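>>> Return atomic coordinates for the entry below.
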Amino acid sequence: MTCQIRKWRLSDAGDLAAALSNRKVQDNLRDGLPYPYTERDGEEYISSVLSGDENDIFAFAIVAEGHVVGSIGAFRQKNIHWQTAELGYYLAEPYWGKGLMTQAVRQICEIIFARGDIIRIYAEPFAHNAASCRVLEKAGFQYEGTLRSNGVKNGEILDMKLYARLRTI
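Take a look at the predicted model:
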């Protein structure tokens, strides 16, 4: 199975809501997303990324089999880290384990590094999320260390792993 990433469309809101209205998906993401996630929530998110600065927000739908099956985005950081972007992503549960996310991560890195001045893309998955760590490794990211007791999710203090990929010059 293959996937492509593309700009969001407002018509993607229903697929987005279906993917995010799953506790297993949300348990691996940062807090702040409503549950259940509605189509209206999806429309608001899509509108916000479409109106954002394309040099600061790199947000894409992941499409497979003619449907949006996930989301991937990288967000420019501030101050001395202005040439660094933080990567985040998720995939609808029926598409887990099929290699789609590795493809999507590779695609977004190619786009970001070719388009602008970003020199470093990093991600901080929960340490217990072995699948996400493996995605990053297969997409050319290097493990840089464990951020101990770095987050609290569902009342549990969690370690996170730091991965980064650098633009080759």
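
>>> So for stretch 122-132, mean pLDDT?
Throughout stretch 122-132, pLDDT has a mean value of 97.

>>> which SSE is residue 102 in?
According to DSSP states H and E, residue 102 maps onto helix 100-115.

>>> contacting residues around that helix?
Residues outside helix 100-115 that contact it (CB atoms under 8 Å, 6 or more residues apart in numbering) are 1-5, 58, 60, 62, 64, 69-70, 72-74, 85, 87, 89, 91, 118, 121, 132, 135-136, 138-141, 165, 167-168. The C-beta positions use only the backbone N, C-alpha and C, and glycine is treated the same way.

>>> Likewise for stretch 158-168?
Stretch 158-168 is contacted from outside by 109, 113, 118-128, 133, 136-137, 139-152, using CB under 8 Å, 6+ apart.

>>> ok, residue 76 to residue 147 distance?
As judged by CB to CB, to the nearest Å, residue 76 and residue 147 stand 20 Å apart.

>>> Looking at these two, which has the bigger crowd around it?
Higher neighbour count among residue 76 and residue 147: residue 76, with 19 against 14, using other CB atoms under 10 Å.

>>> I'd assumed residue 54 was in contact with that one.
No. Using CB atoms under 8 Å, residue 76 is not in contact with residue 54; the gap is 10.4 Å.

>>> Low-confidence ranges, this structure, go.
Counting by pLDDT under 70, the low-confidence segments of the chain come to 169.

>>> let's see it at 90
Along the chain, segments meeting pLDDT under 90 span 32, 115-116, 168-169.

>>> which residues in it form helices?
Assigned by DSSP state H, the chain shows helices spanning 13-20, 23-26, 39-51, 100-115, 130-138.

>>> Relative to residue 131, how far out is the closest residue to residue 141 other than its chain neighbours?
Closest residue to residue 141 apart from its sequence neighbours, by CB to CB, 6 or more residues apart in numbering: residue 163 at 4.0 Å. Per CB to CB, residue 163 is found 13 Å from residue 131.

>>> neighbour-wise, which of these two wins?
Neighbour count, other CB under 10 Å: between residue 163 and residue 131, residue 163 has more, with 23 against 12.

>>> Is there a neighbour count for the residue nearest to residue 71 when sequence neighbours are not counted? I'd like the number.
Nearest non-adjacent residue to residue 71, counting by CB to CB, 6+ apart: residue 90, 5.9 Å away. Look at residue 90: counted by other CB under 10 Å, it has 22 neighbours.

>>> hang on, isn't residue 90 packed against residue 70?
Yes. Under the criterion of CB under 8 Å, residue 90 makes contact with residue 70 at 5.6 Å.
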